[in-house]
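Engineer: Sharing a sequence plus its predicted fold:
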Amino acid sequence: MSDGHTSAGKPPSTAIAPPDELLLASLRALAAAGGVEEACRLAGRACAFYRQADPRIWSRFNALLHRLAPKAGGTTQE
């Protein structure tokens, strides 16, 4: 019977995606479904969180934000 672990006691590498991978995939799906502006807002919040916590992950959210931003509709201030 397999418990989902390798013989070294470690889970297989495809068992669970890290939270940042799940969030990136979710933001891409949200944008593809027409929620580009909301995806940009959430990516911006992730950028703010990861900026000091993990610059490598910050870079990935920053790249996503810059890819999505041109597709977002502009907002006007009154």
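Structural biologist: Alright, I've got the coordinates. Numbers count the residues shown, from 1 in each chain.

Engineer: Distance of Gln52 relative to Trp58?
Structural biologist: Distance, Gln52 to Trp58, by Cβ to Cβ, to the nearest Å: 8 Å. Yep, even glycine has a C-beta here, placed from its N, CA and C like the rest.

Engineer: So which of the two has more stuff around it?
Structural biologist: Between Gln52 and Trp58, Trp58 has the larger neighbour count (other Cβ atoms under 10 Å), namely 18 against 8.

Engineer: Chain neighbours aside, what residue packs nearest to that one?
Structural biologist: Tyr50 (3.9 Å; Cβ to Cβ, 6 or more residues apart in numbering).

Engineer: Run a quick neighbour tally on the one you found.
Structural biologist: 18.

Engineer: Next, the buried residues of the helix or strand that contains it.
Structural biologist: If you go by DSSP states H and E, Tyr50 is part of helix 36-53. By neighbour count on 16 or more other Cβ atoms under 10 Å, the buried set for helix 36-53 is Val36, Glu37, Ala39, Cys40, Leu42, Ala43, Ala46, Cys47, Tyr50.

Engineer: Kindly indicate whether the residue nearest the centre of the chain is helix, strand or coil.
Structural biologist: In the chain, the residue lying closest to the centroid (Cα atoms, centre = their mean) is Leu24, at 1.9 Å. Per DSSP: H, G, I helix; E, B strand; the rest coil, the local secondary structure of Leu24 is helix.

Engineer: In this structure it contacts Leu64, no?
Structural biologist: Yes: the criterion here is Cβ atoms under 8 Å, and Leu24 meets it with Leu64 at 6.3 Å.

Engineer: still on that earlier bit, which residues sit against the helix holding Tyr50?
Structural biologist: 20, 23, 27-28, 30-31, 57-58, 61-62, 64-65, 68-69, 71-73, 75 (Cβ atoms under 8 Å, 6 or more residues apart in numbering).

Engineer: so where's the chain uncertain?
Structural biologist: Scanning the chain with the threshold set as pLDDT under 70 gives 1-15, 74-78.

Engineer: Fine by me, we can end here.
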